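Chemist: Sequence and predicted structure are below.
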Amino acid sequence: MNHSPARMPVCARYKVVHETHYHYQSKVTLSQQYLHMTPRDFAYQATESHRILLDPAINELAHGVDYFGNSTRHVALTLPHEQLLVHAESTVALRQRPGLAGIAGSAAWETVRAMMIADKRPATLEACRYLYASPHVAWFHELEAYARLSFTPGRPQLDAALDLTRRIFADFEFDGAATDISTPLDQVLRGRRGVCQDFAQLMIGCLRALGLPARYISGYILTHPPAGKPRLIGADASHAWVSVYCPDLGWIDFDPTNRSLVQHEHITLGWGRDFSDVTPMRGIVLGGGRQRLEVKVTVTPLALAQHA
C-alpha cells in the first residue's frame, strides 16, 4: 500500500486537444479570459508537452498559479473580433494508481473524521481546506442521510466511498438537459438527474457532510467508440470526478458518473473545492451581443515511450 507513485511505471500516454470556439453576434472590442486548461503535474501524472493558441492572437498574457496550485493563464485581446478560438493541446503520461486491492483495509471513516480535527501534519492541514461548504457545494441534512447509507458504523473509509460512487451511478440518471452550472445541489438530489459536474459535487457534498475532505477534479476521460467504429475527432468532452483524502494513501479518485475507481483513463486538469475553482475558461467581454459556444475535445491514446 505504500509503493511510491514516482517508482511506478508509466501505464498510459494521451494527446488531448481541447478547442473552445465563441461566435459573437457583433464585434467584441475587449476580451479578458482566465484559463484553467493546463494539465496538472502530480504523483500520477506528468505533462510532456503543452501549448495554448488563440485566434485572434492575444495582446497580453500572464502565467500564474492559483490558490490550489493549478496552473492558470490570464489573456487579454484588445483588437475587435467576432470570433474567439482557444486551442489547447497537451501530451500527458500517467502512472499506475492504487487498484481495488490497493485501497482495501483503509481506516474506519470515523477514525479519519477524528484525525481531521486532531492531526496537525501538513498533509492533513492541507486537506482541511476541502472540508467546508463552497459556492456550489452547500451542506444540508439530506446529503448526510444519503451518505450514511454507505458510511455505516466502522466501515473502512475507501470501501464506503466506492459504495457511494456506485450508488450515485445507480440512483441518478445522466441527463444533459436537466441542469446547468447554477442548479443547486438540493435540486440535483431531489431530481436524481444531471451530468458529471452534478454527480461529482453531490458526492463531495455527501463526504463533507460527514466531516471527510473531498475535492473536485476537472479533466478529461478516454471514451471508447462502438466496436468497429473509428474514434471521432472532437466527440469527447470535459469531465469531472471526486478525490477523497485518505491519511495512509493520500488522495484517491472516484468517478460517480462511471461508477469507478479512477485508474488510467482520466487526465487531470486541476482541482478545487467545486466547479467554480477550476472552470476551464471564464472571463468578460465588451460588446459581442449574443454568442454561440462550441467545445470540442479529442483524447487520443499514444504509444508508451521507450524509457517509460
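Modeler: In hand now; what should we look at?
Chemist: Stretch 275-286: end-to-end distance?
Modeler: Its start and end residues considered, stretch 275-286 measures 25 Å (C-alpha to C-alpha, to the nearest Å).
Chemist: If Pro156 is in a bridge, with which residues?
Modeler: Applying DSSP bridges to Pro156 yields these beta-bridge partners: Ala108.
Chemist: Could you shift the numbering so residue one becomes 868, and keep it that way?
Modeler: Got it, the first residue is 868 from now on, which makes the last one we talked about Pro1023.
Chemist: Can you pull the domain assignment for this structure?
Modeler: 872-961+1146-1169, 967-1144 (automatic domain parsing).
Chemist: Could I get the full set of helices for the stretch 868-1017 of the chain?
Modeler: For the stretch 868-1017 of the chain, the helices defined by DSSP state H, counting those that start in this stretch occupy 967-970, 976-985, 989-994, 1008-1014.
Chemist: among those helices, which is nearest Ala1045?
Modeler: helix 1008-1014 (17.9 Å; C-beta to C-beta). From N, CA and C alone the C-beta is placed, and that goes for glycine too.
Chemist: got a list of contacts for the closest one?
Modeler: Leu1031, Leu1052, Asp1053, Leu1056, Leu1069, Gly1072, Cys1073, Leu1074, Ala1076, Leu1077 (C-beta atoms under 8 Å, 6 or more residues apart in numbering).
Chemist: which one among those gets closest to Val1129?
Modeler: Looking across the contacts of helix 1008-1014 and measuring by C-beta to C-beta, the closest to Val1129 is Leu1031, at 14.3 Å.
Chemist: Okay, now the unreliable bits of the stretch 868-1017 of the chain?
Modeler: 868-874 (pLDDT under 70).
Chemist: try it again with 50
Modeler: 868-869 (pLDDT under 50).
Chemist: residues touching Thr1032, list them.
Modeler: Met1070, Val1109, Phe1121, Asp1122, Pro1123, Arg1126, Ser1127, Leu1128.
Chemist: Repeat that for Ile1084.
Modeler: Taking C-beta under 8 Å, 6+ apart, we find Ile1084 in contact with Ala1067, Ala1107, Trp1108, Val1109, Ser1110, Asp1120, His1133, Thr1135, Gly1137, Trp1138.
Chemist: in which helix or strand would I find Lys1163?
Modeler: Taking DSSP states H and E as the definition, Lys1163 sits inside strand 1158-1169.
Chemist: circling back to that earlier point, now mean neighbour count and distance to Pro1097 too, for the helices of the stretch 868-1017 of the chain, in CSV please.
Modeler: CSV is the format used below for the helices of the stretch 868-1017 of the chain (neighbours: other C-beta atoms under 10 Å; distance: least, C-beta to C-beta, whole Å):
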stretch, mean neighbour count, distance to Pro1097
helix 967-970, 15, 32
helix 976-985, 16, 44
helix 989-994, 14, 43
helix 1008-1014, 17, 41
